[in-house]
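Trainee: Turn this into a structure:
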Amino acid sequence: MSVRPAIATVFAIIAASLLALAAPMARAANNAEQVIFSGKTAQFGFWIWCQNEQAPSSLGRSNYETDCNGAMYFYALGVVSHVTGEVSEPAEGVYVMDVQSRDGSVDCTLTNVPPIRRGPNNTVLAACTVDGQVLNLRATGAVVNATGP
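Mentor: Alright, predicted model coming up:
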């Protein structure tokens, strides 16, 4: 089995698992603002879900330790990684996700280019360090979705 199909399969499993976890949260009352970046190019791919503001909880705590949770993969490097991190909104409609792998081998800042368009019609810029290698990447045809209050 070549590395590309294996990476794509692992990424699909991770994305499906995270989507299954995020779907019930999206329907819950008192939602937090949610931000999703999803896309792929010949060089890299990503699926990251974030809550921009912590949702109110009847127990007084959130179920998530970080704001963002997702996966990133880098084809040429053969790297697939679960990432967590934080999201911010420095300007209306501009979201910045700072995500890292647990072992520190992947560290990325992803930023959407406004305005946000429906469907896979957005651009996401990614400045990453992967296994010590600095990468500046661009994904056109990405999905950027911001929902909630």
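Trainee: Dihedrals phi and psi, Asp103?
Mentor: When quoted as degrees, to the nearest 10, the phi and psi of Asp103 stand at phi -90, psi 0.
Trainee: Could you count how many residues lie near it?
Mentor: Asp103 sits with 7 neighbouring residues when counted by other Cβ atoms under 10 Å. Every C-beta, even on glycine, is put in place using the N, C-alpha and C of the backbone.
Trainee: right, and Ala139 touches Trp47 too?
Mentor: No. Between Ala139 and Trp47 there is no contact under Cβ atoms under 8 Å: 11.5 Å.
Trainee: tell me which residues of the top strand by length along the chain are tucked away?
Mentor: Taking DSSP state E as the criterion, the chain has its longest strand at strand 133-147. Neighbour-count burial for strand 133-147 flags 137, 139, 142-144, 146 (criterion: 16 or more other Cβ atoms under 10 Å).
Trainee: Now do it: which elements does it pack against?
Mentor: Contact analysis of strand 133-147 by 3 or more Cβ pairs under 8 Å, 6 or more residues apart in numbering; DSSP states H and E lists strand 34-40, strand 44-51, strand 122-130 as its packing neighbours.
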